[in-house]
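Participant: predicted model, plus sequence, below.
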Amino acid sequence: MFWKRLFSGILLLALIFFFFHKGGLLLLLLLTALSLMGLRELQQALKLKSPLEPIIAVLTLFFMAAIYLKGSFALAVWPVLTLLALLSFFVLRYPAYRTEEIALAYLGFVYVPVLFSHVYLLRMLPQGGLLIWLVLISSWGTDTAAYCTGMLFGRHKMTPVLSPKKTWEGAAGGVIGAMLMGALLAFVFRDSWSGSGSPVLTFMLLCGLASVFSMLGDLAASAVKRISGIKDYSQLIPGHGGILDRFDSMLFTAPAIYYAALFLERILS
């Protein structure tokens, strides 16, 4: 199991590095595939067996195409259009669908493809070639730093019922670790930064904020699994679980960094 986990982890990291570096249509296609697989995992976890599955899949494909063509404008429009479409199916085919099916279908659309789309939007920002790496640092870097700190110094449980192993000391270590890694990245690539403000300070702030959201994303995914009575969303990635097991933090960190970067650019420019 250890070697399977190690090999699949290295392969996954290599793929992410490749697509993050390339950006553009290749990255969007990857995010579309991850979204469709993640939606399937969420629907299975929530036991949402309804004709709405293919409808949400088609809406996801149209949404990702709109993101590619219209960028952030699609992000403002498509969640509203999707809600209107689902409510239209609800009333026009009443009583074929239950209210909770509509609600869970919409939750899945916002939680998976909408949040995933922020990875692409972040990559397409003027400084997206650098900012995109903060997603990895604040997601997987936070997890590693929090685990190590928690093992060494953890005393006070953060969420004893939901995730008994997580401690406040580990959470603090995760935030500090992410900020330090962000500062290191900024220092190494400082000559490539053309945005407003100091790259070191900017990256530290972004990573610190996103680190908090990373832990919230991990806990949110864990809460769904707890309620659903499952250990992993799937066994797609050997030793790591499913798409939502491995990318749960990234779903939260990408939007956090995207909006925080836009805010900082506006107030510093």
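Facilitator: Perfect, thanks for sending it. Residues are numbered from 1 along each chain as shown.

Participant: now residue 166, nearest residue through space, not along the chain?
Facilitator: Closest residue to residue 166 apart from its sequence neighbours, by Cβ to Cβ, 6 or more residues apart in numbering: residue 158 at 4.6 Å. (C-beta placed from N, C-alpha, C; glycine too.)

Participant: for that neighbour, grab phi and psi.
Facilitator: Residue 158 adopts backbone torsions of phi -90, psi -50, taken as degrees, to the nearest 10.

Participant: on the pLDDT front, check it for me.
Facilitator: pLDDT for residue 158: 88.

Participant: and the strands in the chain?
Facilitator: 157-159, 163-167 (DSSP state E).

Participant: can you list those strands in TSV and add distance to residue 69 and mean neighbour count?
Facilitator: TSV is the format used below for these (distance: least, Cβ to Cβ, whole Å; neighbours: other Cβ atoms under 10 Å):
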stretch	distance to residue 69	mean neighbour count
strand 157-159	41	16
strand 163-167	40	17
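
Participant: closest one to residue 25 among the ones you listed?
Facilitator: Among the strands of the chain, strand 163-167 comes nearest to residue 25, with 37.2 Å by Cβ to Cβ.

Participant: any low-confidence regions in the stretch 101-250 of the chain?
Facilitator: Confidence mapping of the stretch 101-250 of the chain against pLDDT under 70 gives zero matching residues.

Participant: next, the buried residues of stretch 212-226.
Facilitator: Neighbour-count burial for stretch 212-226, with 16 or more other Cβ atoms under 10 Å as criterion, is recorded at 212, 213, 214, 215, 217, 218, 219, 220, 221, 222, 224, 225.

Participant: pull the distance from it to the chain's centre.
Facilitator: 11 Å (Cα atoms, centre = their mean, to the nearest Å).

Participant: contact partners of it?
Facilitator: 42, 45-46, 138-139, 142-143, 146, 159, 162-163, 166, 171, 174-175, 178, 231-233, 244-245, 248-253, 255-256 (Cβ atoms under 8 Å, 6 or more residues apart in numbering).
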